[in-house]
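**Q** Structural data only, the sequence is not supplied:
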(Lines give C-alpha, C1' and ligand atoms only; values in the text may rest on other atoms or scores of the structure.)
Protein backbone atom coordinates (compact mmCIF):
# COMPACT_ATOMS: atom_id res chain seq x y z
CA UNK A 1 0.00 0.00 0.00
CA UNK A 2 2.82 2.39 0.82
CA UNK A 3 4.22 1.88 -2.68
CA UNK A 4 1.08 3.40 -4.15
CA UNK A 5 1.17 6.32 -1.74
CA UNK A 6 4.81 7.05 -2.62
CA UNK A 7 4.06 6.95 -6.33
CA UNK A 8 1.00 9.15 -5.88
CA UNK A 9 3.20 11.77 -4.19
CA UNK A 10 5.71 11.48 -7.04
CA UNK A 11 2.80 11.91 -9.47
CA UNK A 12 1.71 15.09 -7.68
CA UNK A 13 5.23 16.55 -7.70
CA UNK A 14 5.84 15.82 -11.38
CA UNK A 15 2.37 16.96 -12.45
CA UNK A 16 2.95 20.29 -10.72
CA UNK A 17 6.36 20.46 -12.41
CA UNK A 18 4.64 19.82 -15.76
CA UNK A 19 2.13 22.60 -15.08
CA UNK A 20 5.07 24.92 -14.32
CA UNK A 21 6.90 23.96 -17.52
CA UNK A 22 3.65 24.31 -19.47
CA UNK A 23 3.34 27.83 -18.08
CA UNK A 24 6.94 28.48 -19.12
CA UNK A 25 6.05 27.38 -22.65
CA UNK A 26 3.15 29.84 -22.64
CA UNK A 27 4.95 32.92 -21.32
CA UNK A 28 8.07 32.31 -23.44
CA UNK A 29 6.04 31.98 -26.62
CA UNK A 30 7.33 28.43 -27.19
CA UNK A 31 3.89 26.97 -27.89
CA UNK A 32 4.71 26.67 -31.58
CA UNK A 33 8.42 26.05 -30.97
CA UNK A 34 7.74 22.68 -32.56
CA UNK A 35 5.30 23.30 -35.44
CA UNK A 36 4.27 19.64 -35.75
CA UNK A 37 3.19 16.87 -33.37
CA UNK A 38 4.32 14.39 -32.08
CA UNK A 39 7.58 15.12 -33.91
CA UNK A 40 9.45 18.42 -33.83
CA UNK A 41 10.39 19.75 -37.27
CA UNK A 42 9.74 16.23 -38.55
CA UNK A 43 12.36 14.81 -36.14
CA UNK A 44 11.97 12.79 -32.95
CA UNK A 45 14.80 14.86 -31.48
CA UNK A 46 14.65 18.58 -32.34
CA UNK A 47 17.31 20.00 -34.66
CA UNK A 48 20.24 21.82 -33.10
CA UNK A 49 21.01 23.97 -36.14
CA UNK A 50 19.28 25.11 -39.32
CA UNK A 51 21.17 22.55 -41.44
CA UNK A 52 19.08 19.79 -39.81
CA UNK A 53 15.76 21.37 -40.80
CA UNK A 54 13.56 19.70 -43.44
CA UNK A 55 13.66 21.39 -46.84
CA UNK A 56 10.06 22.58 -46.57
CA UNK A 57 10.68 24.50 -43.32
CA UNK A 58 11.56 28.19 -43.49
CA UNK A 59 14.79 28.62 -41.43
CA UNK A 60 13.44 31.94 -40.12
CA UNK A 61 10.69 30.02 -38.30
CA UNK A 62 13.24 28.00 -36.35
CA UNK A 63 14.21 29.09 -32.82
CA UNK A 64 16.53 26.67 -31.07
CA UNK A 65 15.60 27.68 -27.52
CA UNK A 66 11.83 27.70 -28.09
CA UNK A 67 11.97 24.35 -29.90
CA UNK A 68 13.76 22.68 -26.99
CA UNK A 69 11.54 24.30 -24.36
CA UNK A 70 8.49 22.83 -26.09
CA UNK A 71 10.27 19.50 -26.60
CA UNK A 72 11.15 19.23 -22.88
CA UNK A 73 7.51 20.01 -22.08
CA UNK A 74 6.41 17.10 -24.28
CA UNK A 75 8.98 14.71 -22.78
CA UNK A 76 7.90 15.67 -19.27
CA UNK A 77 4.28 15.06 -20.28
CA UNK A 78 5.18 11.52 -21.36
CA UNK A 79 7.08 10.95 -18.10
CA UNK A 80 4.10 12.16 -16.04
CA UNK A 81 1.81 9.85 -17.99
CA UNK A 82 4.07 6.86 -17.23
CA UNK A 83 4.28 7.75 -13.52
CA UNK A 84 0.48 8.01 -13.29
CA UNK A 85 0.19 4.68 -15.14
CA UNK A 86 2.47 3.00 -12.58
CA UNK A 87 0.45 4.62 -9.78
CA UNK A 88 -2.72 3.24 -11.35
CA UNK A 89 -1.23 -0.27 -11.47
CA UNK A 90 -0.23 -0.09 -7.79
CA UNK A 91 -3.71 1.19 -6.93
CA UNK A 92 -5.30 -1.84 -8.59
CA UNK A 93 -2.85 -4.18 -6.85
CA UNK A 94 -3.20 -2.80 -3.33
CA UNK A 95 -6.48 -0.86 -3.23
CA UNK A 96 -8.78 -2.81 -5.54
CA UNK A 97 -11.48 -2.85 -2.85
CA UNK A 98 -11.25 0.90 -2.27
CA UNK A 99 -13.04 2.58 -5.16
CA UNK A 100 -12.24 6.13 -4.02
CA UNK A 101 -8.55 5.43 -4.53
CA UNK A 102 -8.66 3.32 -7.68
CA UNK A 103 -11.39 5.18 -9.55
CA UNK A 104 -9.89 8.64 -9.02
CA UNK A 105 -6.37 7.64 -10.13
CA UNK A 106 -7.79 5.70 -13.10
CA UNK A 107 -9.79 8.79 -14.08
CA UNK A 108 -6.62 10.86 -13.74
CA UNK A 109 -4.86 8.47 -16.13
CA UNK A 110 -7.72 8.73 -18.63
CA UNK A 111 -7.68 12.54 -18.50
CA UNK A 112 -3.89 12.46 -18.92
CA UNK A 113 -4.37 10.65 -22.23
CA UNK A 114 -7.00 13.23 -23.23
CA UNK A 115 -4.56 15.95 -22.20
CA UNK A 116 -1.96 14.53 -24.61
CA UNK A 117 -4.52 14.60 -27.40
CA UNK A 118 -5.42 18.20 -26.51
CA UNK A 119 -1.73 19.06 -26.70
CA UNK A 120 -1.67 17.87 -30.30
CA UNK A 121 -4.75 19.96 -31.05
CA UNK A 122 -2.98 23.04 -29.69
CA UNK A 123 -0.43 22.64 -32.48
CA UNK A 124 -3.08 21.85 -35.11
CA UNK A 125 -5.15 24.93 -34.16
CA UNK A 126 -2.06 27.17 -33.77
CA UNK A 127 -2.69 27.81 -30.05
CA UNK A 128 -6.44 28.40 -30.13
CA UNK A 129 -7.33 30.32 -26.90
CA UNK A 130 -10.26 28.02 -26.04
CA UNK A 131 -8.08 24.94 -26.46
CA UNK A 132 -5.41 26.52 -24.25
CA UNK A 133 -7.99 27.14 -21.51
CA UNK A 134 -9.30 23.56 -21.74
CA UNK A 135 -5.72 22.27 -21.66
CA UNK A 136 -5.03 24.11 -18.39
CA UNK A 137 -8.36 23.21 -16.76
CA UNK A 138 -7.86 19.54 -17.55
CA UNK A 139 -4.39 19.66 -15.98
CA UNK A 140 -5.97 21.08 -12.81
CA UNK A 141 -8.61 18.34 -12.77
CA UNK A 142 -5.85 15.73 -13.10
CA UNK A 143 -3.84 17.12 -10.19
CA UNK A 144 -7.02 17.35 -8.10
CA UNK A 145 -7.85 13.69 -8.74
CA UNK A 146 -4.33 12.56 -7.83
CA UNK A 147 -4.34 14.60 -4.61
CA UNK A 148 -7.73 13.18 -3.64
CA UNK A 149 -6.62 9.61 -4.35
CA UNK A 150 -3.35 10.10 -2.46
CA UNK A 151 -5.04 11.46 0.69
CA UNK A 152 -7.66 8.69 0.64
CA UNK A 153 -4.89 6.07 0.43
CA UNK A 154 -3.07 7.73 3.34
CA UNK A 155 -6.31 7.57 5.33
CA UNK A 156 -6.55 3.83 4.67
CA UNK A 157 -2.89 3.23 5.57
CA UNK A 158 -2.60 5.43 8.66
CA UNK A 159 -6.19 5.49 9.91
CA UNK A 160 -8.53 8.42 10.45
CA UNK A 161 -6.24 11.39 11.09
CA UNK A 162 -9.35 13.60 11.38
CA UNK A 163 -11.03 11.49 14.08
CA UNK A 164 -10.75 14.26 16.70
CA UNK A 165 -12.03 16.98 14.38
CA UNK A 166 -15.60 18.20 14.53
CA UNK A 167 -16.12 20.69 11.72
CA UNK A 168 -19.37 22.69 11.47
CA UNK A 169 -21.52 21.95 8.42
CA UNK A 170 -20.88 25.37 6.89
CA UNK A 171 -17.22 24.53 6.32
CA UNK A 172 -18.06 22.43 3.26
CA UNK A 173 -19.80 25.38 1.61
CA UNK A 174 -16.87 27.68 2.34
CA UNK A 175 -14.43 25.19 0.79
CA UNK A 176 -16.68 24.64 -2.24
CA UNK A 177 -16.94 28.42 -2.59
CA UNK A 178 -13.15 28.67 -2.60
CA UNK A 179 -12.84 25.93 -5.23
CA UNK A 180 -15.49 27.54 -7.46
CA UNK A 181 -13.89 30.95 -7.08
CA UNK A 182 -10.49 29.48 -7.99
CA UNK A 183 -11.79 27.85 -11.17
CA UNK A 184 -13.46 31.09 -12.30
CA UNK A 185 -10.31 33.05 -11.45
CA UNK A 186 -8.14 30.70 -13.50
CA UNK A 187 -10.50 30.84 -16.50
CA UNK A 188 -10.65 34.65 -16.41
CA UNK A 189 -6.89 34.88 -15.88
CA UNK A 190 -6.27 32.64 -18.88
CA UNK A 191 -8.59 34.76 -21.01
CA UNK A 192 -6.83 37.94 -19.84
CA UNK A 193 -3.52 36.39 -20.84
CA UNK A 194 -4.92 35.43 -24.25
CA UNK A 195 -6.40 38.88 -24.76
CA UNK A 196 -3.10 40.47 -23.79
CA UNK A 197 -1.25 38.34 -26.35
CA UNK A 198 -3.65 39.40 -29.10
CA UNK A 199 -3.47 43.08 -28.08
CA UNK A 200 0.32 42.95 -28.00
CA UNK A 201 0.44 41.60 -31.55
CA UNK A 202 -1.96 44.28 -32.77
CA UNK A 203 -0.26 47.09 -30.81
CA UNK A 204 3.42 46.14 -30.47
CA UNK A 205 4.53 49.66 -29.52
CA UNK A 206 2.09 50.12 -26.61
CA UNK A 207 3.24 49.28 -23.06
CA UNK A 208 1.79 46.15 -21.44
CA UNK A 209 0.27 48.12 -18.55
CA UNK A 210 -1.79 50.15 -21.03
CA UNK A 211 -2.79 47.00 -22.91
CA UNK A 212 -4.10 45.49 -19.66
CA UNK A 213 -6.35 48.50 -19.14
CA UNK A 214 -7.70 47.99 -22.67
CA UNK A 215 -9.03 44.54 -21.73
CA UNK A 216 -12.10 46.03 -20.06
CA UNK A 217 -13.99 44.61 -17.05
CA UNK A 218 -12.23 41.22 -16.98
CA UNK A 219 -9.24 42.72 -15.18
CA UNK A 220 -11.42 44.25 -12.46
CA UNK A 221 -13.53 41.09 -12.05
CA UNK A 222 -10.32 39.13 -11.64
CA UNK A 223 -9.15 41.48 -8.87
CA UNK A 224 -12.53 41.46 -7.07
CA UNK A 225 -12.65 37.64 -7.13
CA UNK A 226 -9.15 37.59 -5.66
CA UNK A 227 -10.34 39.68 -2.71
CA UNK A 228 -13.40 37.43 -2.28
CA UNK A 229 -11.08 34.43 -2.28
CA UNK A 230 -8.94 36.04 0.42
CA UNK A 231 -12.06 36.72 2.54
CA UNK A 232 -13.27 33.12 2.17
CA UNK A 233 -9.86 31.73 3.11
CA UNK A 234 -9.70 34.00 6.15
CA UNK A 235 -13.22 32.91 7.18
CA UNK A 236 -12.18 29.27 6.75
CA UNK A 237 -9.23 29.86 9.07
CA UNK A 238 -11.57 31.48 11.59
CA UNK A 239 -13.82 28.40 11.50
CA UNK A 240 -10.81 26.13 12.02
CA UNK A 241 -9.63 28.18 15.00
CA UNK A 242 -13.09 28.34 16.55
CA UNK A 243 -13.97 24.66 16.67
CA UNK A 244 -13.86 22.88 20.03
CA UNK A 245 -11.97 19.83 18.84
CA UNK A 246 -8.57 20.46 17.32
CA UNK A 247 -8.37 20.08 13.53
CA UNK A 248 -5.73 17.86 12.00
CA UNK A 249 -2.30 19.29 11.27
CA UNK A 250 -3.01 18.70 7.57
CA UNK A 251 -6.08 20.93 7.60
CA UNK A 252 -4.25 23.66 9.52
CA UNK A 253 -1.33 23.50 7.10
CA UNK A 254 -3.60 23.65 4.06
CA UNK A 255 -5.51 26.69 5.35
CA UNK A 256 -2.41 28.63 6.45
CA UNK A 257 -0.57 27.84 3.21
CA UNK A 258 -3.61 28.97 1.22
CA UNK A 259 -3.78 32.32 3.02
CA UNK A 260 -0.07 32.92 2.43
CA UNK A 261 -0.25 32.06 -1.27
CA UNK A 262 -3.38 34.18 -1.81
CA UNK A 263 -1.50 37.13 -0.31
CA UNK A 264 1.40 36.51 -2.69
CA UNK A 265 -1.04 36.15 -5.60
CA UNK A 266 -2.64 39.52 -4.89
CA UNK A 267 0.78 41.19 -4.84
CA UNK A 268 1.81 39.45 -8.08
CA UNK A 269 -1.52 40.23 -9.76
CA UNK A 270 -1.45 43.92 -8.88
CA UNK A 271 2.18 44.20 -9.94
CA UNK A 272 1.07 42.98 -13.37
CA UNK A 273 -1.47 45.82 -13.47
CA UNK A 274 0.67 48.72 -12.25
CA UNK A 275 4.04 47.70 -13.64
CA UNK A 276 5.23 46.30 -16.94
CA UNK A 277 4.09 42.71 -17.40
CA UNK A 278 7.06 40.43 -16.80
CA UNK A 279 6.83 36.83 -18.10
CA UNK A 280 8.39 35.42 -14.92
CA UNK A 281 5.68 37.11 -12.81
CA UNK A 282 2.96 35.73 -15.09
CA UNK A 283 4.49 32.26 -14.81
CA UNK A 284 4.45 32.15 -11.01
CA UNK A 285 1.03 33.85 -10.87
CA UNK A 286 -0.41 31.02 -12.94
CA UNK A 287 1.47 28.26 -11.11
CA UNK A 288 0.50 29.48 -7.64
CA UNK A 289 -3.14 29.32 -8.78
CA UNK A 290 -2.74 25.60 -9.40
CA UNK A 291 -1.23 25.21 -5.91
CA UNK A 292 -4.24 26.98 -4.40
CA UNK A 293 -6.63 24.63 -6.14
CA UNK A 294 -4.67 21.65 -4.86
CA UNK A 295 -4.85 22.99 -1.30
CA UNK A 296 -8.63 23.41 -1.59
CA UNK A 297 -8.92 19.77 -2.74
CA UNK A 298 -6.86 18.77 0.29
CA UNK A 299 -9.16 20.75 2.60
CA UNK A 300 -12.31 19.23 1.12
CA UNK A 301 -10.90 15.70 1.39
CA UNK A 302 -9.93 16.26 5.03
CA UNK A 303 -13.47 17.46 5.75
CA UNK A 304 -14.94 14.36 4.05
CA UNK A 305 -12.68 12.07 6.07
CA UNK A 306 -13.76 13.78 9.32
CA UNK A 307 -17.34 12.71 8.54
CA UNK A 308 -16.47 9.10 7.74
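**A** That came in fine, so what should we check first? What you see is a predicted model, and the numbers here were worked out from it, not measured in a lab. Numbers count the residues shown, from 1 in each chain.

**Q** Tell me where the model's unsure across the stretch 1-150 of the chain.
**A** Across the stretch 1-150 of the chain, the ranges flagged by pLDDT under 70 are 126-127.

**Q** All the helices of it, residue numbers only.
**A** 2-28, 64-94, 99-124, 129-158 (DSSP state H, counting those that start in this stretch).

**Q** can you list these in CSV and add distance to residue 296 and mean neighbour count?
**A** (Each C-beta comes from the backbone N, C-alpha and C, glycine too.) Shown next, in CSV, are the helices of the stretch 1-150 of the chain (distance: least, Cβ to Cβ, whole Å; neighbours: other Cβ atoms under 10 Å):
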stretch, distance to residue 296, mean neighbour count
helix 2-28, 14, 20
helix 64-94, 21, 18
helix 99-124, 16, 18
helix 129-158, 9, 20
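
**Q** In JSON lines, list those helices along with distance to residue 221.
**A** As requested, the helices of the stretch 1-150 of the chain are arranged in JSON lines below (distance: least, Cβ to Cβ, whole Å):
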{"stretch": "helix 2-28", "distance to residue 221": "21"}
{"stretch": "helix 64-94", "distance to residue 221": "30"}
{"stretch": "helix 99-124", "distance to residue 221": "26"}
{"stretch": "helix 129-158", "distance to residue 221": "16"}
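
**Q** do you know which of those helices lies nearest residue 240?
**A** helix 129-158 (17.2 Å; Cβ to Cβ).

**Q** State the number of residues packed around the nearest residue to residue 64 once chain neighbours are set aside.
**A** Counting by Cβ to Cβ, 6 or more residues apart in numbering, residue 64 lies nearest to residue 48, which is 6.8 Å off, once chain neighbours are set aside. Number of residues near residue 48 (other Cβ atoms under 10 Å) recorded here: 10.

**Q** ok, now the one 3 residues further on?
**A** Residues within reach of residue 51, counting by other Cβ under 10 Å, total 7.

**Q** Right, I'll leave it there.
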